[in-house]
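Participant: 3D, please:
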Amino acid sequence: MAAAQGETSLSTLLATLRATLHPSTYVFITFLPSAPLPETLYKQLLFREAEGITIISTLDSAKEHNIANYAFPCRMITCEVHSSLEAVGFMAVIASRLAEMGMGANPVSGFFHDHLFVPVGREEEAMECLEELAKENRETVKPKE
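Facilitator: Modelled structure (predicted):
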């Protein structure tokens, strides 16, 4: 069964953007390519690169597994709009707006949604930024008839 492919219109994506802030603190962890991975470590995302394996996990799970070499404590924000994997510019607009605020963000795209990992302590600023971005675009986008 083929899944719906999602929205490709940048103006529609921005105008219909709603964001959800998740309660957990997340961290980025890296393992050597040949290292055994802790089976019970919570894995929000696992990505393999030549240099190693990156896992985004919760801070709580990292601590439960005595992993101290994590980086970038952050909060996850989900963009609640079904964006197509082929959509052009959606995350670039969001990242640029956050960059204007001096905020780095690590975007991750899933099949159905895009997610942002933003620094702990700046999540409310990021949420306000996304709300303002959506509001600006709702005011400029004409409804479909």
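
Participant: Okay, helices next: where are they in the protein?
Facilitator: 10-15, 59-64, 90-100, 123-140 (DSSP state H).

Participant: List the buried residues in the third one.
Facilitator: Within helix 90-100, the residues that qualify as buried by neighbour count (16 or more other CB atoms under 10 Å) are Phe90, Met91, Ile94, Ala95, Arg97, Leu98. For every residue, glycine as well, the C-beta is placed using N, CA and C.

Participant: ok, back up a step: between the helices of the chain, which one is nearest to Leu32?
Facilitator: Nearest of the helices of the chain to Leu32, taken as CB to CB: helix 59-64 at 16.6 Å.

Participant: Could you list every helix and strand in contact with that closest one?
Facilitator: The contact analysis (3 or more CB pairs under 8 Å, 6 or more residues apart in numbering; DSSP states H and E) places helix 59-64 against strand 19-31.

Participant: Nearest residue to Thr25 in space, ignoring adjacent ones along the chain?
Facilitator: Leu59 (4.3 Å; CB to CB, 6 or more residues apart in numbering).

Participant: Can you report how many residues neighbour that neighbour?
Facilitator: 16 (other CB atoms under 10 Å).
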